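*Asks:* Sequence below, structure please.
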Amino acid sequence: MDCVLDAKAELGEGPVWDPDAGCLYFVDIERGAVDRHDPATATSRSFQIGMMVGAAALTAAGDLVLAVSDGFARLDLDSGQVRALAAVEAYNVDTPTRSIDVFDFDVATGTIANRRSLARVEHGEGWPDGLTLDIDGYIWVALWSGAAVRRYAPDGTLDRVVAIPTMYPTSCAFGGPDLQDLYVTTAATALTPDERLREPLAGGVFRCRPGVQGRPPHRFKG
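*Replies:* Here you go, the predicted structure:
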């Protein structure tokens with residue numbers, strides 16, 4: 001597992017690969033930033049949003065849709081301008097249960113039902129955070145406070161564990177020309193000053209090639 005970008009993110013999250021541009025986007029929630037990293041040229045650019053930002057999604061138009069503190073916005077990647085899309089009411093917060101849950105989804109109606117636990121992370125092994133699916137339907141989940149990413153089979157069986165050299169991985173996504181690079185975002189926000197000295201790469205973006213292929217990202221068409 002290599003650190004490909006020493007981003008110094010306080011709370012790096014939400015990695016998404018853009019196969020057209022060949023770059024990785026991710027957010028730093030607490031600093032209100034969206035970062036773009038081009039692994040081919042080893043160059044990066046940071047967009048300051050001016051508010052907390054939780055996630056970024058690709059669009060058919062070539063810009064980004066953002067989940068921000070008070071709703072949704074669009075980011076123009078050429079100008080860096082942010083335009084509000086919609087405000088939303090406050091969301092509930094669910095206390096972490098260490099459970100990865102699945103639902104039945106009706107494509108025709110868009111409804112979900114039959115929530116059930118697929119797998120649980122053992123006490124003391126961290127908390128399941130951001131996740132992604134590979135092409136075989138296996139689940140890759142970052143373990144906050146667990147210094148690892150786990151792969152679970154579709155039936156919930158633990159398949160493998162990939163160690164991360166920092167305590168707080170937050171999310172993961174597949175990228176690269178063949179979608180076989182696993183990118184992992186991490187955080188430094190929960191570290192004490194002494195822990196930050198021991199983990200100088202906390203908040204960086206890490207990458208490995210686990211030998212499986214991911215799925216291409218969806219694009220917002222609105």
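*Asks:* ok, the closest residue to Val212 other than its chain neighbours - contacts?
*Replies:* Nearest residue to Val212 in three dimensions, chain neighbours excluded: Asp134, at 4.8 Å (Cβ to Cβ, 6 or more residues apart in numbering). No exception for glycine: its C-beta is placed from N, CA and C like everyone else's. Each residue near Asp134 by Cβ atoms under 8 Å, 6 or more residues apart in numbering is listed here: Trp140, Arg151, Phe174, Val212, Gln213, Gly214, Arg215.
*Asks:* For the residues you listed, I'd like a selection string for ChimeraX - just the buried members, please.
*Replies:* Typed into ChimeraX, the line below selects the buried ones among the contacts of Asp134, using 16 or more other Cβ atoms under 10 Å:
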select :140,151,174,212,214
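*Asks:* so what strands line up beside the one helix or strand Phe47 maps to?
*Replies:* In this structure, Phe47 sits in strand 43-48 according to DSSP states H and E. If you go by DSSP bridges, strand 43-48 pairs up with strand 33-38 (antiparallel).
*Asks:* who does the closest residue to Gly54 other than its chain neighbours bridge with?
*Replies:* Closest residue in space to Gly54, ignoring its immediate chain neighbours: Ala67 at 4.5 Å, by Cβ to Cβ, 6+ apart. Beta-bridge partners recorded for Ala67 (DSSP bridges): Ala55, Phe72.
*Asks:* Number of residues surrounding Ala67?
*Replies:* 17 (other Cβ atoms under 10 Å).
*Asks:* what lines up beside the host helix or strand of Leu118 in the sheet?
*Replies:* Under the assignment given by DSSP H and E, the secondary-structure element containing Leu118 is strand 111-120. Sheet partners assigned to strand 111-120 using DSSP bridges are listed as strand 99-106 (antiparallel).
*Asks:* How about the partner strand, which residues are buried there?
*Replies:* For strand 99-106, the neighbour count (16+ other Cβ under 10 Å) marks Ile100 as buried.
*Asks:* so where's this protein shaky on pLDDT?
*Replies:* Per-residue confidence for the chain (pLDDT under 70) gives these ranges: 89-90, 92-95.
*Asks:* Recalculate using a threshold of 80.
*Replies:* Counting by pLDDT under 80, the chain shows low-confidence ranges at 88-90, 92-96, 222.
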